[in-house]
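Engineer: Attaching a predicted model along with its sequence, questions to come.
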Amino acid sequence: MSGPLLYGELTPWYRLLDPLEDHADECELFDAAFRRAAAHPPRTLLELGSGAGNNAWHLKKRFRCTLVDLSPAMLALSEKINFDCEHLLGDMRTLELGRTFDAVLVHDAVMYLRKLDELRAVAEVAFRHTARGGAAVFAPDVFQETFTETVQLHARDSGNRSLRCLEWAWELERGGQTMVVEYAFLLRETGKVHSVHDRHLEGLFPRARWVEALSGAGYLVETLRRPIDVDRWDEVFLCRREA
């Protein structure tokens, strides 16, 4: 079964859905957190599930970045703006680079893990790649206990291309561990419009399971408040590896 269209044939439209500027505030938070948590000034960063490189665009000002993703199309999109970063095709559940980094970032790609064993595997991969005295940030979109069904409208234009998208997130089963994110796209280019439906199945774990997986891998775990809108925050995890 093929993966989400957004990370394949719809990749050329990705920046209209998720523009670079939307990541500036949280990347400032990540940067400050890494510098506060690390035992020495962090210089290198590994991002697992780096996608289109939106985070790296901001963080490469402070770090030498290595970006890993499963999607060749997304890596290619990232390389256009982050040509000065290392890009590697790889799976965050099984990656083994044989080297460590001062900082490790696992952003919203972690939502595609739908089994606790997968979550534990990623935590262990991240820990093995975190240098002693280094730090990691895990940034899931939502926890099981904080999830509410949501609908968002995205609308952006660029040149002769326009995107209108309805994003609908709902639980596959109440109290279960899977959420569904439906994207209904209307895409217009040079006056022609076509529609696309793209379904994403994502994991929905309780906060306690996250803490268990991260601490079980060897991290010292705390939470950070992340800005998501004006006067709105959620929680992500800041993890330290002892020196």
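Structural biologist: On my side now, so go ahead. Numbering: from 1, shown residues only.
Engineer: Kindly state the domain boundaries assigned to this structure.
Structural biologist: 5-142+206-240, 144-203 (automatic domain parsing).
Engineer: Could you pull up the mean pLDDT of the last one?
Structural biologist: Translated: domain 144-203. Over the span of domain 144-203, the pLDDT mean works out to 95.
Engineer: tell me how far the ends of it are from each other?
Structural biologist: Domain 144-203 has an end-to-end distance of 9 Å (criterion: Cα to Cα, to the nearest Å).
Engineer: Also stretch 229-243?
Structural biologist: Span of stretch 229-243 from end to end, Cα to Cα: 35 Å.
Engineer: what does it rub up against?
Structural biologist: 33, 37, 39, 126-127, 130-143, 146, 207, 210-211, 214, 218-228 (Cβ atoms under 8 Å, 6 or more residues apart in numbering). Where you see a C-beta, it was placed from the backbone N, CA and C, and this is true even at glycine.
Engineer: Now the phi/psi pair for residue 95, please.
Structural biologist: According to degrees, to the nearest 10, the main-chain angles of residue 95 amount to phi -60, psi 140.
Engineer: how deep is the residue lying closest to it once chain neighbours are set aside tucked in, by neighbour count?
Structural biologist: Distances taken as Cβ to Cβ, 6 or more residues apart in numbering place residue 125 nearest to residue 95, at 5.2 Å, with adjacent residues excluded. For residue 125, the number of neighbouring residues by other Cβ atoms under 10 Å comes to 24.
Engineer: tell me the SS of residue 125?
Structural biologist: helix (DSSP: H, G, I helix; E, B strand; the rest coil).
Engineer: Next one: residue 227 relative to residue 103, how far apart?
Structural biologist: 20 Å (Cβ to Cβ, to the nearest Å).
Engineer: which one of these two has more residues nearby?
Structural biologist: Using other Cβ under 10 Å as the criterion, residue 227 and residue 103 rank with residue 103 on top: 27 against 13.
Engineer: For that one, name its beta-bridge partners.
Structural biologist: Note on residue 103: beta-bridge partners by DSSP bridges are residue 45, residue 135.
Engineer: Please enumerate the strands of this structure.
Structural biologist: Applying DSSP state E to the chain gives strands spanning 44-48, 64-69, 86-89, 101-106, 130-138, 150-158, 161-171, 178-189, 192-203, 220-229, 232-240.
Engineer: contacting residues around the closest residue in space to residue 179 that isn't next to it in sequence?
Structural biologist: Spatial nearest neighbour of residue 179, chain neighbours left out: residue 204 (4.6 Å); criterion: Cβ to Cβ, 6+ apart. Residues in contact with residue 204 (Cβ under 8 Å, 6+ apart) are 142, 143, 144, 147, 171, 176, 177, 178, 179.
Engineer: count of residues packed around residue 85?
Structural biologist: 21.
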